[in-house]
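A.B. asks: Any chance you can model this:
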Amino acid sequence: MNQGVVDSALSTLVLRAALGRFATGVTIVGCRAADGGLVGLTANSFNALSLEPPLILWSLRSASPNLDAFLAASHFSVNVLAENQVDLSRRFASPVPDKFAEGLWAQGLGGAPVLAGCAAVFECEQVSFQTTGDHVLFIGRVHRVSEAPVTPLVFQSGHYRMLGEIL
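C.D. replies: Numbering: from 1, shown residues only. Reported below is the predicted structural model:
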């Protein structure tokens, strides 16, 4: 194993490259804004927090133009994308104005957008949020969940990946 970089020499690029070695799922997190519009973005900073009570977490850059909508939202959805939804992942990671014009969307709890065809969907009531470093950490209590036997979309080292069986 490499010796590594000591804390004082740690750069953002080195840290980002090392974190990118960890494969993650890809999600679209969404909520209904105070004006009634839908807000959504691609995120891979999603994780389980607790089974009892059922809690999940995700984080958003403090500089995100979507931050105020999520801070004010009572509910949010985490749509775990399937392998065939890579185009939606790219769309929601871009500045396209009407992101919800693509995909089959329904209204979930608290008006949060729920996407059809996902590997899993978590409909959550926002429990808390806290600013930590350059991100805001959101914690939600899962009130409704669904899952489907489809292959999830995976992201690792800056690229989408496909899962394969280990024989």
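
A.B. asks: Work out which residue lies at the spatial centre of this structure.
C.D. replies: residue 43 (3.2 Å; C-alpha atoms, centre = their mean).

A.B. asks: Would you quantify the distance from that residue to residue 151?
C.D. replies: Here the criterion is C-beta to C-beta, to the nearest Å. By it, residue 43 lies 19 Å from residue 151. For glycine as for every other residue, the C-beta is placed from the backbone atoms N, C-alpha and C.

A.B. asks: Checking my notes, residue 88 in a strand, right?
C.D. replies: No - counting by DSSP: H, G, I helix; E, B strand; the rest coil, residue 88 falls outside a strand, being helix.

A.B. asks: okay, the host helix or strand of residue 47 in PDB with CA atoms only?
C.D. replies: Element membership of residue 47 [criterion: DSSP states H and E] is strand 46-50. Provided in PDB are the C-alpha atoms of strand 46-50 (Å, rounded to 0.1, in the frame of the first residue of the first chain):
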ATOM      1  CA  PHE A  46     -26.400   9.000   0.300                       C
ATOM      2  CA  ASN A  47     -26.200   6.400   3.100                       C
ATOM      3  CA  ALA A  48     -28.100   4.400   5.700                       C
ATOM      4  CA  LEU A  49     -27.900   5.800   9.200                       C
ATOM      5  CA  SER A  50     -30.300   3.700  11.300                       C
END
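
A.B. asks: mind listing what it pairs with, with the direction of each?
C.D. replies: Here strand 46-50 has these sheet partners by DSSP bridges: strand 55-61 (antiparallel).

A.B. asks: on that earlier part again, need the contact list for the residue nearest to the centre of the chain.
C.D. replies: 26-29, 58-60 (C-beta atoms under 8 Å, 6 or more residues apart in numbering).
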